[in-house]
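Asker: Got a predicted model here, sequence first, then my questions.
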Amino acid sequence: MVTSAAYRQSSAVDSARSAIDPHNRLVWRFNRRRLEGEAIRDTLLSLSGALDPTLYGRAGRDETTPRRSLYLEMKRSRLPAFLRTFDSPDYVSGLAKRAVTTTAPQALVMMNSPSVREWAKRFAARLSTHEPLLPPAPGGHPTTLAAPTTPDSADVAGMIAAAYSVAVGRGPSAVELQDARSFIDSQTAAHAAAGRQDAASAARIDFCQVLLGLNETLHIE
């Protein structure tokens, strides 16, 4: 099935075909869908370079662990808040099919969660230090990283291109590149005005956090 033409199609919409079959009943394109909460968390961990791919065993109940979400211990009275925000089950009753909601708390988590901010910081550090963009070796555990302090402003375009390539599997368009540079410039100015010594690095972290929250990052195209 996964090698079939229907399964491997793009989710891009064709206006002519859409006019004939707007609900895609004839499967002329892939139905775009959002990742499950566990897969979203694992994706962000992987992009940050913090994901520990070790197989088997328990990860404990602390959702900041670098282990895959599959190994998180689920205690019904203390379910991981990140996963619950993205429609994970309540583990009280059986569930034939998960709901897929779009809510304000989901966006707020991506903007304000300390875990997401730490993943964005690690992602920015990988791009700035030219670290190989691969997960850590099995058994590796993340530590809190300081933001890179010597960003090369001449390489901003290269950093943006690398970030897009890793996060969404493609390069930025000309418009996206210009928007990203404008965003980084404005954030750098804002952080500098607030008295931050690492204003440029903080702006790059802000940009990486934006990429982590893109629909394109959190959906299967």
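Answerer: Noted; the coordinates are in hand.

Asker: Give me the mean pLDDT for the one helix or strand Leu211 maps to.
Answerer: For Leu211, the host element (DSSP states H and E) is helix 199-212. Average pLDDT, helix 199-212: 95.

Asker: Could you list the domains of the chain?
Answerer: Annotated domains of the chain cover 1-31, 34-220 [automatic domain parsing].

Asker: weakest of those domains by average pLDDT?
Answerer: domain 34-220 (a mean of 85).

Asker: So for whichever helix or strand comes after the helix holding Leu211, what gets flagged as buried?
Answerer: Scanning forward in sequence from helix 199-212 by DSSP H and E, the next helix or strand is helix 215-218. Neighbour counts over helix 215-218 (16 or more other Cβ atoms under 10 Å) mark 217-218 as buried. Where you see a C-beta, it was placed from the backbone N, CA and C, and this is true even at glycine.

Asker: and what of stretch 56-69?
Answerer: For stretch 56-69, by 16+ other Cβ under 10 Å, it's 59, 63, 65-69.

Asker: what's the answer for stretch 186-193, then?
Answerer: In stretch 186-193, counting by 16+ other Cβ under 10 Å, buried: 187-188, 191.

Asker: Now, those residues that are in helices?
Answerer: 187-188, 191 (DSSP state H).

Asker: Just put the residues you listed in a markdown table and tack on distance to Leu211.
Answerer: Listed next are those as a markdown table, based on distance: Cβ to Cβ, whole Å:
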| residue | distance to Leu211 |
| --- | --- |
| Gln187 | 13 |
| Thr188 | 17 |
| His191 | 18 |
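
Asker: just checking, what packs against the host helix or strand of Arg117?
Answerer: Assigned by DSSP H and E, Arg117 belongs to helix 114-128. Using 3 or more Cβ pairs under 8 Å, 6 or more residues apart in numbering; DSSP states H and E, the elements in contact with helix 114-128 are helix 37-48, helix 156-168, helix 199-212.
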